[in-house]
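Enquirer: how would this look folded up:
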Amino acid sequence: MEEQQVNPVTNGDKPEEIVIESATPQDIEIKVDGNTEMSVREKELLDTVFQLESDKSALIEETRTKLSQAKKEYEDCRQENERLKKKNTQLEQTLIQKEAQSTEPKSKKEQDELLLKAKTLLFEKTKVCKQQEQHIAVLKTQVDSVKEVLAVTKEMLNLRNTESDHIQERLKTIETCRQAEKERTALLERKLEISQEAYKKLRQEYDCQSSLNKELKINYLLKIQLLTDELEKAKGGTVAEVKQ
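Expert: Numbering: from 1, shown residues only. Next comes the predicted model:
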């Protein structure tokens, strides 16, 4: 009987291990957590920008209100001062006209009393005018102070605007980084999916080759057993012929 040769698998029952580098779910989870942290930081920066804008608006409104009140008080005092000056002038002119129109000669005592009343009235009006002028001076000082505060406020607002611009730039940078990380995470997930598919295919191929290898091994052993039995039978027949 012709002996058939069967070549078994020379590398053993298991194929060589193929190492596939890919991103693990833990790596993806870390990236997702990083995006979450960046989102929290982005929200904090946005809250800071909104707070700065709110403080800026409130400060501008408060400064405008104070300046408007000071201007109104100054204008009221100025008008009151002008009114009192006009009234004082009218009273003096009226007194002079009455004295000029009076045909009856007055005694020295009456003239002194009239002069004293005029001086007293003039003193009171002058005192009121002086107080009004002092009040106006105080209001001018307050207006100057408010103007200085307004100038300082403008400088602070400029600084806050600059800071707000920097924060906006940082937000844009963070958004760009977040988008890049998102794209990178998507790419890693795609690579992981491809790697898993390749692993499944290799596993199926390995299982198929292993099954074929086992079948070939069984057939090979059976064939060896058959050949051994035939060889023993042939040896037994030869010995019997020699004895005869």
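Enquirer: where exactly do the helices run in the protein?
Expert: 25-101, 108-243 (DSSP state H).
Enquirer: Compare those and say which comes out lowest on pLDDT.
Expert: Here the lowest mean pLDDT among the helices of the chain goes to helix 25-101, at a mean of 68.
Enquirer: Spell out which residues sit in contact with residue 186, please.
Expert: Neighbouring residues of residue 186 by C-beta atoms under 8 Å, 6 or more residues apart in numbering: there are none. C-beta coordinates here come from the backbone N, C-alpha and C atoms, glycine included.
Enquirer: what separates residue 82 from residue 75, distance-wise?
Expert: 11 Å (C-beta to C-beta, to the nearest Å).
Enquirer: Need the CA coordinates for stretch 115-134. CSV is fine.
Expert: Provided in CSV are the C-alpha atoms of stretch 115-134 (Å, rounded to 0.1, in the frame of the first residue of the first chain):
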residue,chain,number,x,y,z
LEU,A,115,-31.6,152.9,57.3
LEU,A,116,-31.2,150.3,60.0
LYS,A,117,-34.0,148.2,58.4
ALA,A,118,-32.4,148.5,55.0
LYS,A,119,-29.0,147.5,56.4
THR,A,120,-30.5,144.6,58.3
LEU,A,121,-32.3,143.4,55.2
LEU,A,122,-29.2,143.9,53.1
PHE,A,123,-27.2,142.0,55.7
GLU,A,124,-29.6,139.1,55.7
LYS,A,125,-29.8,138.9,52.0
THR,A,126,-26.0,139.1,51.7
LYS,A,127,-25.7,136.4,54.3
VAL,A,128,-28.1,134.2,52.4
CYS,A,129,-26.2,134.9,49.2
LYS,A,130,-22.9,134.0,50.9
GLN,A,131,-24.4,130.8,52.2
GLN,A,132,-25.6,130.0,48.7
GLU,A,133,-22.2,130.7,47.2
GLN,A,134,-20.6,128.5,49.8
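Enquirer: Please renumber the chain so that the first residue is 39 from this point on.
Expert: New numbering, starting at 39: the last item is stretch 153-172.
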